[in-house]
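Trainee: following is a predicted model, sequence given first.
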Amino acid sequence: MAEITLIEAVRQAMDEELARDDRVFITGEDVGRRGGVFRATLGLFDKYGPTRVIDSPLAELSIVGIGIGAALYGLRPICEIQFADFIHPAFNQIVNEAAKMYYRSNGEWRVPLVIRAPYGGGISGGLYHSQSVEAFFTHIPGLKVVIPSNPYDAKGLLKSAVRDPNPVLFFEPKKGYRLLKGEVPAEEYLVPLGPAKVTRAGSDLSVFAYGMMHAYCLKAAETLAAEGVDVEVVDLRTLYPVDRATILASVTKTGKALVVYEDNLTMGYGAEIAAIIADAAFTSLDAPVRRLAAPDVPAVPFSHPYQEWFMPNPEKIAAAMRDLAAY
Amino acid sequence: MSTNVIMPQLGESVVEGTVSKWLKREGDSVNEFDPIMEVNTDKVDTEVPAPATGTLLKVYVAEGITVKAGTLLAVIGQPGEALPPAEAEGGNPLPPRNPAGAGRTGAGGQGPVHLPAPNAVLSAAPAARLAPSAQPGRDLGFISPVVARLAAEFQVDLQQVPGTGQGGRITKKDVQTYLAQRAPAAAASEADLPPWEKPGEGDLFRPTELQFAQGQPDQPAANAVLSANAVLSAHAVLSAHTPAAPQPDADFIPVEGMRKLIAEHMVRSAATAPHVTTVFEADLSAVLAHQSAHQAAYARDGVTLTLTAYFVAATVAALRAVPLVNSQWAEDKILLKRELNIGLAVSLDEGLIVPVLKRADEKSLLGLAREINDLARRARAGLLKPDEVQGGTFTITNHGVSGSLLATPIINQPQTGILGVGVMQKRVVVINDAIAIRPMVYLTLTFDHRVLDGAVGDRFMRALVATLTDWR
């Protein structure tokens, strides 16, 4: 098996789906000749031509609107939003049209649309290239929200997303594009949307994370292992609908839960995980459910020291794990 | 001094780079900021400037090799200078290290460091912490949901489970460990016995050594237990749950009712609030003059005008001047109480009780005196209503009635302060460099140092003393 980067896994997934199904096409800003600002679509324009890999105007509302229309007419669009920070102009299209179409038409119309967007901070991107937006969309029934944490899952989940009959938001941890490497088999495979994965079995406490934070949690878990604390790490992978069974099984085993996310703390995605645990695993809890997230400030700061202060990192996560283990 | 050349991180997500070309060779002289080599990453090709001026002493990474950011690539120094030892010995590319090698040379320079008997500290600490925490009758603290459930499912008496969590809390693991230890013993001893040989349930049927956990033979820290018991029995209050073995020269007094409540309250207060006491004295000449002038008039209204009424009135004035004393510590905040409800400690045969004079700030001296008479009479007769001993925001204890000059009372939780009033005595005092005889009283304020500091407490006391001294 070859070791590839997360961005290469994303590119391979789209390449394979474009080759497999004529209905699949890509649209977004600079996805064509330029190959995307992160090189996610590098070479695809040359391989599949300008009718399959389409440069869009600089207008996110239009990118998603076109995707919804094409999906309703039977195509399988993959819309790229250059940075998740710029998805907000398309919010109405996603929430009011894509998410509600199947329900509104009593099951007659479906929107098999994938929206890809790099998200997350820690890349010195400042206010408008660092945002985490998953919490907005995990609030909307009718949408699926997926965040991979490694190349294998990125490829398998994205291929599943393309084949899913309903709209899927696929957020990619951009800091991990080249940082997160892993082995990916040559033969085709899919990773199903829905199930979370226990990526490190442990007995002392459970940590729930996704995307870049999941990689940090694994690293912090190693630090704690050296200190004699056995941490279980769960990669949520599909944020909505979320895999309650895996979460509850883990907490029932360990009795302690920490949720880590890089979005602002308040009303962030981890709040729902904490609520699920408090509700359905209350009598298994041996400590308060804890959240580690970014502080409630309006944006990821551009200044490097402030960015470090803002972002959760393996050291902060290890400290939170230590604290919970000692409770 | 040599300077390391390391592979720079050429972008946020770029973690490695390839040395594509060395622009200088070993032995070449280099100037700071001059390009020294070319680096190629998946994003950019760039030249790397020399970090220092000198001679390129050693190149560790050859052209065409890809290494992680931070890897040592080369060393710049003065001609003939020895390479730093670790690099010279290994010759391998190493992760960046403190160029001064501060960790090693620093420790060597300071000589051996002596720690105070580390083994003794380490071995004593866990025993002292664990052993008392398995004492029956202890306050178990927070019981988490899972511990509560396990205890119910497996019928565990949590008093028997040593707690190793924060503050001696019993964790899920503690219960599981206890169950694992209990299971084999129970299975072996009880399974084969006929029912009439099995012990009954409940405290009545349990051996006393299990009930009171003294001298358990397999207790791992027997010494710690013994010393803990010694400490406990030295305090009548603490040993309320751990009766000592009967002794020929002592009798037991059962601890129950009011005595037990007082004991629990005092232990809790002493353990939660850091107590600080400040001592003042007041000249009661003005108060006594006022009292003798008005006593007859008050008596016509059926009220005995005691000195306590003056102390309450002065306390109200002082609490108004320094409201922080009329407050309550609430962990992440301090509750400032709007009502001034003054508790008055009344001594009884079986203990003491603190009736509360509600809204003392809304009452005249006559009203205060009347209510004090009433509360004291009914307290001694056992006729107080439950709500008359609740809601106090500050307490006065008049220990002077039993002849005490000065005392440091324990705070009546959850209040912040308690005023101790000593016995009034005529004492010699110096006034304007002349010796005078005045009716003096020692006043103490014992306060919760979490809420306020000495200066604030003293401000309260100055206001109190001023009111009494200048009574009109």
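Mentor: That came in fine, so what should we check first?
Trainee: residue of chain B nearest chain A, please.
Mentor: B:Lys172 (3.9 Å; C-beta to the nearest C-beta). Every C-beta, even on glycine, is put in place using the N, C-alpha and C of the backbone.
Trainee: that residue touches A:Thr252, doesn't it?
Mentor: No - using C-beta atoms under 8 Å, B:Lys172 is not in contact with A:Thr252, being 10.9 Å away.
Trainee: more crowded one of the two?
Mentor: B:Lys172 (22 against 16; other C-beta atoms under 10 Å in any protein chain shown).
Trainee: quick one, phi/psi of that one?
Mentor: With angles defined as degrees, to the nearest 10, B:Lys172 sits at phi -60, psi -40.
Trainee: which one is it nearest to, not counting chain neighbours?
Mentor: Closest residue to B:Lys172 apart from its sequence neighbours, by C-beta to C-beta, 6 or more residues apart in numbering or on different chains: A:Asp286 at 3.9 Å.
Trainee: test my guess that the one you found contacts A:Lys256.
Mentor: Yes - judged on C-beta under 8 Å, A:Asp286 makes contact with A:Lys256 at a distance of 5.7 Å.
Trainee: state the distance from the residue nearest the centre of chain B to A:Pro50.
Mentor: In chain B, the centroid-proximal residue (C-alpha atoms, centre = their mean) is B:Thr272; its distance is 6.8 Å. Plainly put, B:Thr272 is 75 Å away from A:Pro50 if you go by C-beta to C-beta, to the nearest Å.
Trainee: state the mean pLDDT of stretch B:340-348.
Mentor: Stretch B:340-348 comes out with an average pLDDT of 91.
Trainee: for stretch A:265-273, how far is the first residue from the last?
Mentor: The first residue of stretch A:265-273 is 13 Å away from its last residue (C-alpha to C-alpha, to the nearest Å).
Trainee: okay, now the residue in chain A positioned nearest to chain B: neighbour count?
Mentor: In chain A, the residue that lies nearest chain B is A:Asp286 (3.9 Å; C-beta to the nearest C-beta). Using other C-beta under 10 Å, A:Asp286 has 25 neighbouring residues.
Trainee: what's near enough to touch it?
Mentor: A:Gly255, A:Lys256, A:Tyr327, B:Ser144, B:Pro145, B:Val146, B:Val147, B:Thr171, B:Lys172, B:Lys173 (C-beta atoms under 8 Å, 6 or more residues apart in numbering or on different chains).
Trainee: same question, B:Arg472
Mentor: Per C-beta under 8 Å, 6+ apart, neighbours of B:Arg472: B:Ala286, B:His290.
Trainee: state the distance from it to B:Asp361.
Mentor: Using C-beta to C-beta, B:Arg472 is found at 18 Å from B:Asp361.
Trainee: just B:Ala463 next, same as before
Mentor: Where B:Asp361 is concerned, B:Ala463 sits at a distance of 14 Å (C-beta to C-beta).
Trainee: and for A:Gly211?
Mentor: A:Gly211 is 59 Å from B:Asp361, by C-beta to C-beta.
Trainee: these two: which is more packed in?
Mentor: Here A:Gly211 and B:Asp361 are compared on neighbour count by other C-beta under 10 Å; more neighbours surround A:Gly211, at 30 against 16.
Trainee: about what we covered before: hey, what's in contact with both of A:Asp286 and A:Lys256?
Mentor: Joint contacts of A:Asp286 and A:Lys256 (C-beta under 8 Å, 6+ apart) are A:Tyr327.
Trainee: stretch A:117-132 close to chain B?
Mentor: Yes - interface with chain B: stretch A:117-132 contributes A:Gly122, A:Ile123, A:Ser124 (C-beta under 8 Å from any C-beta of the partner chain).
Trainee: from those residues, pick the one nearest B:Asn412.
Mentor: Distances from B:Asn412 to the residues of stretch A:117-132 next to chain B, taken as C-beta to C-beta, are shortest for A:Gly122 (52.9 Å).
Trainee: please name the residues that touch the closest one.
Mentor: A:Gly122 neighbours (C-beta under 8 Å, 6+ apart): A:Ser130, A:Lys175, A:Met212, A:Glu262, A:Val300, A:Gln307, A:Met311, A:Asn313, B:Glu12.
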